[in-house]
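J.: Let's see this in three dimensions:
(one chain, ligands or ions: 1)
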Amino acid sequence: MTDIWADLDALPRPSLTDLFDADADRVAAWSADIAGLHFDWSKTHLDAQVVDVFTRLAEAQDFDAHRDALFAGSVVNPTEGRAATHVAERGEGGVDDVRQAKALHARMRALIDAIEGEALGPVRHILHIGIGGSALGPDLLIDALGRDDRRYDVAIVSNVDGCALEEAVKGFHPKETLIAIASKTFTTTETLLNAGSALEWLREGGVEDPYGQVIALTAAPDKAIEWGVDETRVLPFAESVGGRYSLWSSIGFPAAIGLGWDAFEAMLEGAAEMDRHFRLADWAENMPLRAAFADLYYTQARGCETRAVFAYDERLRLLPAYLQQLEMESNGKRVTADGKPLGRVSAPITWGGVGTDAQHAVFQLLHQGTHLVPVEFVAAIEPGDALDEEHHRQLLTNAFAQGAALMAGRRSDDGARNYPGDRPSATILMETLDPRTLGALIAFYEHRVFANAVLLGISPFDQFGVELGKEMAKAAGAGGGDFDASTEDLIRRAGL
Ligand SMILES: O=P(O)(O)OC[C@H]1O[C@](O)(CO)[C@@H](O)[C@@H]1O
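T.: Coordinates of the predicted model:
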C-alpha cells in the first residue's frame, strides 16, 4: 500500500493542456453517458498512469468485494454492525431488503392515497419537520422539481431556531396542514422540539385533534407511537438505510406527495439505473469509481483540501448543501474502518454554490488564489424557464467558459493580471432535469462517496463525529456539564 501512494507521488505531472495535446481523443476517452447524464472528466489530470496506480489501490482494497457486499445487503457498516440498504429502496439490493422496501413503499403510497382522498381531512399544506438527512434530500427534490406544479404547498423545517418554523407556516392554514415528522431515530432534539411547537400551532389554530394531522417517517416506529403518532400514520423505513441516504425511503414522503407518486418512482428508477452501472460496469468505464480516482488524486497527490460544486441551474441551488452532508458526514473520518489512524487526509471539504452568481463572488480565488480547488459544474441542456432562450444560453456558455478559463489561464507579466491556468474541472451535463435524471445524479454521488471510502479504507456509513457536540448541548441545556471558562462565560451571558 505504501508503494502505491509513493508511486502516485512519483508520477509525472503533465499539465491539462499537455494532456489534451497528447491525445486527440481525450474528450471521448474521459467522458461517459449514463442514465441521461453526460460526464466529462477530460479537464481533470486523470491519465492512464494515474488510473493505473488507483487500479492497483482498488485491487489492494478489494473493491469488488466491498461493492458486492453493498448490493448483497451484507455488513458494510462495520462500526455499527449493519448493512447499508439504500440501493434496495431502488430495487437493487438483496432479495429480502428489496421485498421489505417495496412493502414499505406500498404502505407509503396507501397513506398518500388516503391523504389525497381526504381521509385525514382536507390537506393543502405539508409541513415536513426533520434535520440533516431527514430534511436535505426532500428539500433538494422539492426545490428542484416542484417549482411549477407542486400539488401541495410543502415547507421543510429543520433548524431549531424558532424563526424557521414561524417562517415555514406563514400562509399555512392550521386546519389544512399535515405535519410529517421525519426522524430516523425519533430522538433528535431539534426535530422533536419543532414537532411539539407545530402541534401547539395546530392547537392554537383551532384544530381539536392535532395528532390526527400528524404522520411520522422513521426507522423507530415504536418511539413515534410513544410520542403520540397513530400507528396507522407511521411510515417506517429500514434501520439499515442511513440518514443521509434516506430520501429514497419514506423520508421522501414530501416529494412523493408533492410531486406525485409517478415522479417519486421515476426518481427511484433513475437511481436504479445508476446502481446497475456502478455494480456492473468495468472499472475502466465505471463513472463513480473514475470520479473517486480523480477525487483522491487531488486530495492525496495535489494537496487539495476542498472541492467545489457549482450548479449552473437555479433549480439545483440546494445541491451543494446536500452534497456537503453526503460527502463530509460519510468520509470526514480520521480512522480506517477497523479504527486505526488513517495516516492520510480523508474527504476534502465540499463547498459550492450556484452559477452564474458564484462567478461574481468566489471565482476570483478559483482562478488566481493560492489554493488548488477541483471544480465541478452541473447543468442541464434543457432550460427550466420559459423566458427568452438567451437566459439559458448565457447560463450554459458561462459554465463552459469557466471550465475553459480555469484550464487555459492567461499569461501576463503583470502578476495581478496573470491567470496560471491548469486548474481542473469536471462537468455533469443533464439532458433535462427531471425526476429520473435527478435520481441518477444523486445515486452517482452516493456511489462516488462509497468508492472513495473503499479506496481509503474508511467506513462511510457511521457518523460518530456528530455525537459529542449533541451530548454537550444536552448537558448545557440541562444546566449541567463541566465546561471550559469561555463556554461557561457565554452560557452565563446568554442567561441559559
Ligand atoms: O433522522 P434523525 O435521526 O432525526 O437524524 C438526523 C440527522 O442527524 C444525524 O445523525 C447527524 O446529527 C444525521 O446523520 C441525520 O441525518
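
J.: Name the residues that touch the helix-or-strand element of the chain with minimal mean pLDDT?
T.: In the chain, the helix or strand scored least confidently by mean pLDDT, DSSP states H and E is helix 467-477, which has a mean of 82. The contact list for helix 467-477, computed with C-beta atoms under 8 Å, 6 or more residues apart in numbering, reads Thr189, Gly481, Phe483, Thr487, Ile491, Leu496. To be clear about C-beta, it is placed using only N, CA and C from the backbone, and glycine gets the same treatment.

J.: what about Val27, how many residues close to it?
T.: For Val27, the number of neighbouring residues by other C-beta atoms under 10 Å comes to 13.

J.: next one: Ala386
T.: With other C-beta under 10 Å as criterion, Ala386 counts 8.

J.: Check Gly196 too.
T.: 14.

J.: how near is Val234 to Ala114?
T.: Applying C-beta to C-beta, to the nearest Å, the value for Val234 to Ala114 is 13 Å.

J.: who's more crowded, these two?
T.: Taking neighbours as other C-beta under 10 Å, Val234 and Ala114 compare with Val234 leading, 24 against 13.

J.: ok, the more buried one to Lys223 distance?
T.: Separation of Val234 from Lys223 (C-beta to C-beta): 10 Å.

J.: Quick check: Arg99 is in a strand.
T.: No: counting by DSSP: H, G, I helix; E, B strand; the rest coil, Arg99 is not part of a strand but helix.

J.: contacting residues for it?
T.: Contacts of Arg99 (C-beta under 8 Å, 6+ apart): none.

J.: Next: Pro78.
T.: Pro78 neighbours (C-beta under 8 Å, 6+ apart): Ala337, Asp338, Ser459.

J.: re earlier: between the contacts of helix 467-477, which is nearest the ligand?
T.: Taking C-beta to the nearest ligand atom as the measure, the ligand lies nearest Thr189 of the contacts of helix 467-477, at 9.0 Å.

J.: Now do the same contact list for the residue lying closest to Pro236 once chain neighbours are set aside.
T.: Sequence neighbours aside, Pro221 is the residue nearest to Pro236 in space, at 4.7 Å (criterion: C-beta to C-beta, 6 or more residues apart in numbering). By C-beta under 8 Å, 6+ apart, the contact set of Pro221 is Glu231, Val234, Pro236.

J.: Looking at those, spot the one nearest Asp18.
T.: Nearest to Asp18 out of the contacts of Pro221 is Pro236 (C-beta to C-beta; 55.0 Å).

J.: Is it possible to get TSV of the contacts of Pro221 that adds distance to the ligand?
T.: Output for the contacts of Pro221, formatted as TSV (distance: C-beta to the nearest ligand atom, whole Å):
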residue	distance to the ligand
Glu231	19
Val234	14
Pro236	13
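
J.: Let's see which of these end up in strands.
T.: Val234, Pro236 (DSSP state E).

J.: tell me the pLDDT at the residue of the chain most remote from its centre?
T.: Relative to the C-alpha centroid of the chain, counting by C-alpha atoms, centre = their mean, Asp413 is the outermost residue, at 42.4 Å. Listed pLDDT for Asp413 reads 94.

J.: Distance check, it against Val214.
T.: 68 Å.

J.: Over to Ala416?
T.: 59 Å.

J.: Those two - which one has more neighbours?
T.: A side-by-side neighbour count of Ala416 and Val214, using other C-beta under 10 Å, places Val214 first with 25 against 6.

J.: The more buried one contacts Gly228, doesn't it?
T.: Yes: using C-beta atoms under 8 Å, Val214 is in contact with Gly228, at 7.5 Å.

J.: Helices of the stretch 151-300 of the chain, start to end?
T.: Using DSSP state H, counting those that start in this stretch, the helices found in the stretch 151-300 of the chain span residues 162-168, 189-204, 221-227, 253-258, 261-280, 287-296.

J.: Tell me the buried residues in the fifth one?
T.: The neighbour-count criterion (16 or more other C-beta atoms under 10 Å) identifies 261, 263-278 as the buried residues of helix 261-280.

J.: Secondary structure class of Ala416, three-state.
T.: Ala416 is classified as helix under three-state DSSP.

J.: and it, what pLDDT?
T.: So, for Ala416, pLDDT stands at 95.

J.: for Gly465, same thing?
T.: 89.

J.: which parts of the stretch 251-400 of the chain sit against the ligand?
T.: Glu329 (C-beta under 6 Å from any ligand atom).

J.: mind checking pLDDT for the residue in the stretch 251-400 of the chain that the ligand sits nearest to?
T.: The ligand sits closest to Glu329 of the stretch 251-400 of the chain, with a gap of 5.8 Å, by C-beta to the nearest ligand atom. Confidence at Glu329, expressed as pLDDT, is 97.

J.: ok so, going back, what would the contacts of Pro78 look like in JSON lines with secondary structure, pLDDT and distance to Pro138?
T.: Shown next, in JSON lines, are those (DSSP: H, G, I helix; E, B strand; the rest coil; pLDDT from 0 to 100; distance: C-beta to C-beta, whole Å):
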{"residue": "Ala337", "secondary structure": "coil", "pLDDT": "93", "distance to Pro138": "30"}
{"residue": "Asp338", "secondary structure": "coil", "pLDDT": "91", "distance to Pro138": "34"}
{"residue": "Ser459", "secondary structure": "coil", "pLDDT": "95", "distance to Pro138": "26"}
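
J.: Counting neighbours, which of these comes out on top?
T.: Ser459 (23 neighbours).

J.: quick one: that one from Lys340, how far?
T.: Distance from Ser459 to Lys340, by C-beta to C-beta: 12 Å.

J.: Same question for Leu387.
T.: 55 Å.

J.: Contacts only, for Val335.
T.: Listed by C-beta under 8 Å, 6+ apart, the contact partners of Val335 are Pro341, Leu342, Ile458.

J.: ok, now with 10 Å
T.: Thr79, Pro341, Leu342, Gly343, Ser346, Gly457, Ile458, Ser459, Phe464 (C-beta atoms under 10 Å, 6 or more residues apart in numbering).

J.: for it, which residues make a bridge with it?
T.: Beta-bridge pairing of Val335 under DSSP bridges involves Pro341.

J.: Gly352 is in contact with Ala358, correct?
T.: Yes: using C-beta atoms under 10 Å, Ala358 is in contact with Gly352, at 7.4 Å.

J.: anything in contact with each of these two?
T.: Shared contacts of Ala358 and Gly352, counting by C-beta under 10 Å, 6+ apart, come down to Ala308, Phe310, Ala311, Pro320, Val375.

J.: So which of those residues belong to helices?
T.: Pro320 (DSSP state H).

J.: In space, what's closest to the residue of the stretch 151-300 of the chain found nearest the ligand - neighbours in sequence excluded?
T.: Among the residues of the stretch 151-300 of the chain, Gly243 lies closest to the ligand, at 2.8 Å counting by C-beta to the nearest ligand atom. Spatial nearest neighbour of Gly243, chain neighbours left out: Gly133 (3.1 Å); criterion: C-beta to C-beta, 6+ apart.

J.: outside of the very next helix or strand once past the least confident helix or strand of the chain, which residues touch it?
T.: For helix 467-477, the following helix or strand on the C-terminal side (DSSP states H and E) is helix 485-493. The contact list for helix 485-493, computed with C-beta under 10 Å, 6+ apart, reads Met472, Ala476, Gly477, Gly479, Gly481, Asp482, Phe483, Asp484, Leu496.

J.: I figured Phe400 hits Gln394, correct?
T.: No: if you go by C-beta under 10 Å, Phe400 and Gln394 don't touch, sitting 11.1 Å apart.

J.: between those two, who's got more neighbours?
T.: Higher neighbour count among Phe400 and Gln394: Phe400, with 16 against 11, using other C-beta under 10 Å.
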